[in-house]
Each structure stands twice: as structure tokens, then as C-alpha cells.
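In: A structural model of the following input is requested.
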Amino acid sequence: MSEAPVIPDPRPTYERAAEQLLRLVTAVRPEQLDLPTPCTEYDVRALLGHVVAGADRVANVGEGKSPDGPDVPEWTRDLPAGSWPGTYEAARARLLAAWADDAKLDELVTVPWGKMPGRIALAGSVMETAAHTWDLARAIGWSGELDRTVGEFALAAAQQALPAEGREGMPFGEARQAPEGVDTYVRLAAYLGREPEWEGRN
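Out: Below you'll find the predicted structure:
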């Protein structure tokens, strides 16, 4: 019987993913905060609040605190566009500091999506960060090239963690078919139930 594959340390990839998302957050203009996103329950403002809250919840876990917290904190709803880069930077820096101890990677932790070793929880954070980076890029019409290493890690994490079908009770729709020849982020979006050819009104 073969052993389960060892998931590599996700922290360097999370750091790349968060740096990339920070560049997108910095690119958001004030008039774009109310635009829709491919993650249809959020407009751009709510999506930014969601990624800040997600980083804070996973930081709480690394600090030995409860992962509970609002999906979109109330205080983020009126935050001006210029305040978002510093707000997200603080959240991602706190997450990385909370998980700096290597021993935490193999401790069992409870995160909003279940109980698992720390490294698997952080792999989930890479997946979520990469997916929301694509959401934000599509929403604001950002056309730069996204980090392939991050996208490949995130897609592999998604395919390991989520069944393609039978996602009742999960915050994802059924996996969709991605068009031929698309990049890894579009494939990730499709696997997570997004409309892979979503176009906004940026």
C-alpha cells in the first residue's frame, strides 16, 4: 500500500500568493469597489473584506485562538480604496508570523473548513488566495500575468481537497468544464465552480 504524498511546506507559496494578491488590491480604484466579481456572493468591496477576514482567521489558528469570525467584517464595509493595501498587508504579515514555527505544520488544527494538519490548512489558504486573486483580476479588468507556481499549487490543492461532484454543504459549486488551452487560474476557477469565461463591467 503506497503512502499518502507529503504536502510540501505551503508557507513560501502562500507568501508568493499573498504578495500577488496585494498587487491586485493596490490596483483597485475607488469606483471599482462596487463592481461584481466571479465569486457571485461578493462585490469587490466584500471580496476584499473576505480575504482580509480569511487571513485573520488562519492567523488566529496559528496563534492558538479560535478560527471563528465574520465572513466579511462589518468594519471593512466602508473602508476607502486607499486603505485596503495596508489592511491586507497587515493581515498577511500576521498570518505568516503566526505560522513561523515549523512544528505547527504538522499539528492538528481546526480551521473554518475542518480539522487537519497545519500544512493542509495553509495549502487551503493558498488555494483560496489564488482563487480570489483571479476573481479580483477579472472584476477590475487587470490583465497582467499571474504567478504560475502559485496557480499550479492551488489547483493541485483544490483537486486533492474537493470532490468534483457532490459538494452539498460546501461553499463551492459543482466543478465546471474549463475551455481548452486556458491557464491554470481559469482551470482553478472552473474546478471551484466559477464561470470560467466570466466577464465583468470594469
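In: From residue 74, how far off is the nearest residue to residue 63 once chain neighbours are set aside?
Out: Once flanking residues are discounted, residue 63 sits nearest to residue 98: 4.8 Å by Cβ to Cβ, 6 or more residues apart in numbering. Just so you know, the C-beta spots here come from the backbone N, C-alpha and C atoms, and that holds for glycine as well. Here residue 98 is placed at a distance of 23 Å from residue 74 (Cβ to Cβ, to the nearest Å).
In: okay, the two: which has more neighbours?
Out: More neighbours surround residue 98 than the other of residue 98 and residue 74, with 19 against 8 (other Cβ atoms under 10 Å).
In: any idea how far residue 20 is from the more buried one?
Out: 20 Å.
In: Would you mind listing the buried residues in stretch 109-125?
Out: 109, 111, 112, 116, 118, 119, 120, 121, 122, 123, 124, 125 (16 or more other Cβ atoms under 10 Å).
In: Tell me where the longest helix sits in the chain.
Out: If you go by DSSP state H, the chain has its longest helix at helix 118-140.
In: what sits up against whichever helix or strand comes after that helix?
Out: Sequence-wise, the next helix or strand downstream of helix 118-140 (DSSP states H and E) is helix 148-161. Defining contact as Cβ atoms under 8 Å, 6 or more residues apart in numbering, one finds that helix 148-161 is touched by 10, 13, 16-17, 20, 120, 123-124, 126-127, 129-131, 133, 183-185, 187-188, 191-192.
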